[in-house]
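Student: Below are the sequence and a predicted model for it; my questions follow.
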Amino acid sequence: MSDKRNEPEKTPSTTEAEQREEGEVVAKGFIRVAAVSIVATILVVVGLLQATGLVSLFPFGEEWTVQWLVFVLLGVILVSVGLWSWKSEPN
């Protein structure tokens with residue numbers, strides 16, 4: 001049996017257990033992508049609200065540089081979590 005976690009589409013699955021394992025791997029990948037996408041969308045929306053001045057979310061630092069540095073930090077954290085989750089081996 002080949003390793004389904006690395007290349008699930010390369011070899012056809014012949015048993016129900018292999019199909020179930022392949023389905024779980026694909027579902028976990030979809031969940032990871034969906035979670036990072038949802039958080040990224042929320043971050044973009046909050047950034048746009050902050051940029052237009054409709055909301056002021058961060059009470060510390062009245063200067064715009066401090067406000068945007070927080071968004072850069074959140075973006076770096078988001079990218080780090082995304083890369084970590086895509087490179088980690090599923091159990």
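Tutor: The structure has been received and is ready for your questions.

Student: Please make it C-alpha for all contacts and neighbour counts, starting now.
Tutor: OK.

Student: Point out the other elements, helices or strands, that the biggest helix by length in the chain touches.
Tutor: Ranked by residue count under DSSP state H, the longest helix found in the chain is helix 16-52. Contact analysis of helix 16-52 by 3 or more Cα pairs under 8 Å, 6 or more residues apart in numbering; DSSP states H and E lists helix 64-87 as its packing neighbours.

Student: contacting residues around the helix it packs on?
Tutor: Helix 64-87 has contacts (Cα atoms under 8 Å, 6 or more residues apart in numbering) with 29, 32-33, 36, 39-40, 43, 47, 58, 61.

Student: switch to 10 Å and redo it
Tutor: With contacts defined as Cα atoms under 10 Å, 6 or more residues apart in numbering, helix 64-87 is touched by 29, 32-33, 35-37, 39-40, 43-44, 46-47, 50-51, 56-61.

Student: could you give the angle of the longest helix of the chain to helix 64-87?
Tutor: 170 degrees (axes from the mean of the first three to the mean of the last three Cα atoms, to 10 degrees).

Student: what does the average pLDDT come to for helix 16-52?
Tutor: Across helix 16-52, pLDDT averages out at 84.

Student: Please indicate which of the contacts of helix 64-87 are buried?
Tutor: Neighbour counting with 16 or more other Cα atoms under 10 Å marks 36, 40, 43, 46-47, 50 as buried within the contacts of helix 64-87.
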